[in-house]
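Novice: next come a sequence and a model predicted from it.
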Amino acid sequence: MSRWKYPLILLGGIGISNVGAWVYLISLNLIILNETGSPLAIALLYILSPIATICSNAWSGSLIDRVNTRRLMMGLDAFRAICIALIPFLPSLIYVYVLAFIINMGSAIFQPTSMVYMTKLIPEQDRQRFNALRSFINSCGSLIGPAIAGILFWMGTPYIAIHINAVALFISAFIIMMLPNVDSRLKEIEGQRFTWDMIKSDVRIVFNFSKDNIYVTKIYVLFCCTTLFMTAIDSLEAAFAKGILSISDTNYGFLLSVFGAGIIIGSIINSVFSKQLAVNHLIGIGTIFTSLGYIVLYSSSGFISAVPGVFLIGFAVTFANTGYLTFYQNHVPVTMMGRFGSIFSVIEAGFIVAFTVLLGLAAELTSIRPVGLIGSFFFFLLGLLALKAVSGAKWRKYFKEGVLL
């Protein structure tokens with residue numbers, strides 16, 4: 001248990017932050033939807049995140065690999081907490097979009113920073129179980145967060161719920177402060193000047209690594225495509241639930257709790273059987289069944305019929321995410337992980353913007369249900385591609401543990 005002391009503390013901070021993040025996400029979605037009544041307005045809110053990623057991660061990877069990741073995570077948590085706390089006091093919706101964009105920039109930098117820190121902190125033999133436990137902790141947030149949001153909406157307004165996330169982020173920053181420093185080697189490079197030439201050199205390093213490790217890059221691109229489809233299709237979810245299925249704000253919160261319950265059950269299975277489940281199995285089967293969950297959701301006619309689809313999405317995505325993240329941590333050198341993840345996230349974000357706008361406009365001009373179903377069908381085709389990519393004996397050396405496909 002001694003080697004799990006700090007990982008468990010880190011998981012506690014992740015869980016607290018995730019509870020607040022769900023409350024914030026649902027609250028902001030409902031604030032925008034109540035003000036505008038437009039699915040396109042919600043889609044624009046989702047687009048802010050990838051645009052923020054493009055603006056920040058083109059250069060932040062070079063920073064992440066050269067600074068103390070623990071201190072950077074603490075600073076980003078505190079900064080985002082202050083920004084989120086200001087949202088209820090803004091005079092108009094345009095300011096909400098601007099501040100949400102700034103918050104998303106902080107989140108875009110935080111994600112690869114935390115990935116580098118976790119990879120350095122967790123030994124390779126424990127990463128698959130840690131990633132499964134991380135999904136479990138996140139799922140508890142997915143279950144508790146929407147339920148808290150539903151209660152807060154019943155008691156007051158979404159603006160009250162916004163402050164919950166600010167408090168959660170401050171607590172998360174305090175917990176990160178309790179964790180060890182894993183960046184002692186940075187003394188060699190922390191004095192380097194942060195220049196445009198350095199960024200260009202880092203892009204070349206990532207490009208050369210990708211060219212020399214085609215299969216690793218291929219699997220990571222599939223991971224990016226999975227994120228692309230989920231983000232774009234999710235941008236229609238609130239408008240579909242409220243506009244097409246006529247679900248109330250409170251029931252919408254509880255529907256997302258069903259999603260969290262699916263993640264909890266999937267994460268428990270991942271954690272308990274981490275030595276028996278192969279990483280390639282998690283990637284291929286997990287991606288396919290996640291897409292099937294979206295097909296079931298957008299085929300539903302009401303709250304009850306939507307529940308199985310939402311549950312399946314939560315259940316299956318834990319397998320896919322655990323597989324992809326473990327593969328990524330085991331095959332991308334930690335010394336360049338910040339740059340690799342950040343540069344690819346810029347490309348991914350560009351496609352997310354284009355695809356989300358396309359789905360949002362299509363839903364605005366036609367109907368949400370057929371657009372969601374078409375997007376889910378193409379996601380299913382991606383799942384079949386992922387299954388083919390990780391199957392076969394020729395890729396056995398990349399997947400060391402578990403029962404191979």
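Specialist: Happy to help now that I have it.
Novice: show me how far the helix or strand encompassing P370 is from its chain's centre.
Specialist: P370 is part of helix 368-390 when elements are defined by DSSP states H and E. Distance of helix 368-390 from its chain centroid, counting by Cα atoms, centre = their mean, to the nearest Å, is 19 Å.
Novice: and it, what does it pack onto?
Specialist: In this structure, helix 368-390 makes packing contacts with helix 214-234, helix 279-298, helix 337-365, judged by 3 or more Cβ pairs under 8 Å, 6 or more residues apart in numbering; DSSP states H and E. Glycine gets a C-beta too; all of them are placed from N, C-alpha and C.
Novice: helices or strands next to the longest one in the packing?
Specialist: Counting contacts by 3+ Cβ pairs under 8 Å, 6+ apart, helix 337-365 packs against helix 39-64, helix 93-121, helix 196-212, helix 214-234, helix 368-390.
Novice: worst average pLDDT in those?
Specialist: Lowest mean pLDDT within these: helix 39-64, a mean of 79.
Novice: give me the angle between the longest helix belonging to the chain and helix 214-234.
Specialist: Ranked by number of residues, the top helix in the chain under DSSP state H is helix 5-36. For helix 5-36 against helix 214-234, the angle by axes from the mean of the first three to the mean of the last three Cα atoms, to 10 degrees is 40 degrees.
Novice: and the angle for helix 5-36 with helix 93-121?
Specialist: 160 degrees.
Novice: circling back: could you pull out the buried residues of the helix holding P370?
Specialist: 368-369, 371-372, 375-376, 379-380, 382-383, 386-387, 389-390 (16 or more other Cβ atoms under 10 Å).
Novice: make a markdown table out of those residues and add distance to K242.
Specialist: Converted to a markdown table, those look like this (distance: Cβ to Cβ, whole Å):
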| residue | distance to K242 |
| --- | --- |
| I368 | 10 |
| R369 | 13 |
| V371 | 16 |
| G372 | 14 |
| G375 | 19 |
| S376 | 19 |
| F379 | 22 |
| F380 | 25 |
| L382 | 28 |
| G383 | 28 |
| A386 | 32 |
| L387 | 34 |
| A389 | 37 |
| V390 | 37 |
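Novice: contacts for the helix holding P370?
Specialist: Contact with helix 368-390 is made by 39, 218-219, 222, 225-226, 229-230, 232-233, 236, 239-240, 243-244, 280-281, 283-285, 287-292, 294-295, 297-299, 359, 362-363, 395, 399, 405, as judged by Cβ atoms under 8 Å, 6 or more residues apart in numbering.
Novice: which of the residues you listed are buried? Put it as a ChimeraX command.
Specialist: Applying 16+ other Cβ under 10 Å to the contacts of helix 368-390, the buried members can be selected in ChimeraX as follows:
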select :39,219,222,225,226,229,230,232,233,236,239,240,243,244,280,281,283,284,285,287,288,289,290,291,292,294,295,297,298,359,362,363,399,405
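Novice: show me what contacts the spatially closest residue to W59 that is not a sequence neighbour?
Specialist: Nearest non-adjacent residue to W59, counting by Cβ to Cβ, 6 or more residues apart in numbering: I199, 5.4 Å away. By Cβ under 8 Å, 6+ apart, the contact set of I199 is 58-59, 62.
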